[in-house]
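> Show me how the following folds:
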Amino acid sequence: MRLLRRRPLLILAVAVPGVAALAAPVVLGVFGLVTVADVVLAVGMVLLGALVCALGAGLLLLRRSVRALPAEVAAHTRTVTEVLGRDRLATTRALDAVRERIDRIHDHSLPKVSREIRHAVTVQGRDDYEQQVAWTELRENLDTAAFMPPLRGWAASPDVLRVLVRQINRLRPDLVVEFGSGASSVWLGYALRRAGGGRLVAIEHDARYAELSRELVAAHGLDDLIEIRHAPLTEVETQEVVVGGETVRTADRWYDASVLADLEGIGLVFVDGPPQATGRHARYPAVPTVLPRCTEDAVIVLDDADRPDERAIGDRWLAEHPRLQRTEEHTEKGAHVFSRKGG
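Predicted coordinates:
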């Protein structure tokens, strides 16, 4: 390749003598030293010789270039091979790192995730089965309508309603108070009818939902047993309490307690409201407010007791009312049953 770069110098070295040789016969002809035919013949011989020389020089350059080509190719091949080798080495190392991560995931993470998934599926399946059993028992024992409002989710679960129905069958209360309303109100109404009487007053903070609950109750023909009272959330005094080692301020709103003023002789209380979004310990005021209006053997059932906030509420009730005792029911969302000792 270096010879190709020198080609202009070689052409110049050949061209200068050729031009001189071509010019010589012409000069001689001009001075009359040779004939015109001799000049033409000499010029033709010079041109032919120049052509032969040019071809020879070209062949020489081509031969040298061809000889140099393998070395150049070999050098480029070595360079490309080295680059590819480095790239392949980097790729191999990257693949090894990925393989090691996959092995770690396979050996450690996947078994853990698999166990967690199996556990979650098992727990969910057991919960679903328990709720189906509770639903079936409620339907069979309460002689309900063919189409009942759905439970679970935002509504109470069948298993906590089964706890409440057992208490209704045992206590035969004249008055049941429910904080919250909806599907559970209908089921409790059927339980009261099955027990032979009693009245349910459901307290609902949302006016629109209270109206929907009234319509639902009427659709089941239970409005002679169930009363839905609208009690908007009003300001209450807040307190600082400790939950899980953290000091928090309690909710500043609870049901308008004036709707409870005419209620006496309460035998069963179901605390399923206000909603959690109201604030910390939002359901705490239920016991201080209604306990003086309860019968001696009254029972208070707190739903969603698996939540830390509800458990802390129960702890406060027990601390402030020494006569209360707590029984924990293993339901889907957790249910704590409070009653007076000896009651």
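> CA atoms for contacts and neighbours, from now on please.
Will do.
> Now for Gly265, how many residues are close by?
17 (other C-alpha atoms under 10 Å).
> my bad, Thr234
12.
> Likewise for the one 10 residues further on?
Using other C-alpha under 10 Å, the number of residues around Gly244 comes to 10.
> residue contacts, it?
Pro308 (C-alpha atoms under 8 Å, 6 or more residues apart in numbering).
> a strand runs through Arg229, doesn't it?
Yes. Per DSSP: H, G, I helix; E, B strand; the rest coil, Arg229 lies within a strand segment.
> Just the element for the nearest residue to it once chain neighbours are set aside, please.
In space, Arg229 comes closest to Ile203 once its chain neighbours are excluded; the distance is 5.1 Å by C-alpha to C-alpha, 6 or more residues apart in numbering. Following DSSP states H and E, one finds Ile203 within strand 199-204.
> residues making contact with that strand?
So strand 199-204 is contacted by 174-181, 185, 188-189, 192, 210, 225-232, 255 (C-alpha under 8 Å, 6+ apart).
> Sheet-wise, list the partners of it with their directions.
Strand 199-204 has its sheet partners listed here by DSSP bridges as strand 175-179 (parallel), strand 226-230 (parallel).
> Tell me which of the ones you listed approaches Ala319 most closely.
Across these, Ala319 has its closest neighbour in strand 175-179 (22.1 Å, C-alpha to C-alpha).
> CA atoms of that closest one as PDB?
Output in PDB follows, covering the C-alpha atoms of strand 175-179 (Å, rounded to 0.1, in the frame of the first residue of the first chain):
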ATOM      1  CA  LEU A 175     -82.700  -3.500  70.600                       C
ATOM      2  CA  VAL A 176     -79.700  -3.900  68.300                       C
ATOM      3  CA  VAL A 177     -77.600  -0.900  67.300                       C
ATOM      4  CA  GLU A 178     -75.400  -1.000  64.200                       C
ATOM      5  CA  PHE A 179     -72.800   1.700  63.400                       C
END
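> contacting residues around that strand?
Here strand 175-179 makes contact (C-alpha under 8 Å, 6+ apart) with 185, 198-204, 265-274.
> Now it: average pLDDT?
Averaging pLDDT along strand 175-179 gives 98.
> And the very next helix or strand once past that strand, what's buried?
Reading on from strand 175-179 to the C-terminus, the next helix or strand found by DSSP H and E is helix 183-195. For helix 183-195, burial by neighbour count (16 or more other C-alpha atoms under 10 Å) applies to 183-195.
> Ok, stretch 265-282 next?
Buried-residue list, stretch 265-282, by 16+ other C-alpha under 10 Å: 265-274, 276, 278-282.
> Ok, stretch 230-240 next?
Under 16+ other C-alpha under 10 Å, the buried positions of stretch 230-240 are 230-233.
> Just to check, Ala210 is in contact with Ser181?
Yes. When contacts are counted by C-alpha atoms under 8 Å, Ala210 is listed as touching Ser181 (7.2 Å).
> Touching both of those two, which residues are there?
204, 228.
> the more surrounded of those two?
Using other C-alpha under 10 Å, the more surrounded residue of Ala210 and Ser181 is Ser181, with 27 against 22.
> phi, psi of that one?
Per-residue torsions, Ser181: phi -150, psi 170 (degrees, to the nearest 10).
> Who are the contact partners of it?
202-204, 210, 213, 228.
> So which residues of the protein form strands?
175-179, 199-204, 226-230, 233-235, 240-243, 246-249, 253-255, 266-271, 294-303, 324-329, 335-340 (DSSP state E).
> just to revisit the earlier point, export the contacts of Ser181 to a markdown table and append columns for distance to Glu296 and pLDDT.
Shown next, in a markdown table, are the contacts of Ser181 (distance: C-alpha to C-alpha, whole Å; pLDDT from 0 to 100):
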| residue | distance to Glu296 | pLDDT |
| --- | --- | --- |
| Ala202 | 21 | 98 |
| Ile203 | 22 | 98 |
| Glu204 | 26 | 97 |
| Ala210 | 30 | 97 |
| Ser213 | 30 | 96 |
| Ile228 | 25 | 98 |
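> Can you add distance to Asn141 and give the residues you listed back as CSV?
Below are the contacts of Ser181 laid out as CSV (distance: C-alpha to C-alpha, whole Å):
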residue, distance to Asn141
Ala202, 22
Ile203, 26
Glu204, 27
Ala210, 27
Ser213, 23
Ile228, 24
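> The residue nearest to Trp317 when sequence neighbours are not counted: neighbouring residues, count only.
Distances taken as C-alpha to C-alpha, 6+ apart place Val287 nearest to Trp317, at 7.1 Å, with adjacent residues excluded. Residues near Val287, counting by other C-alpha under 10 Å, number 19.
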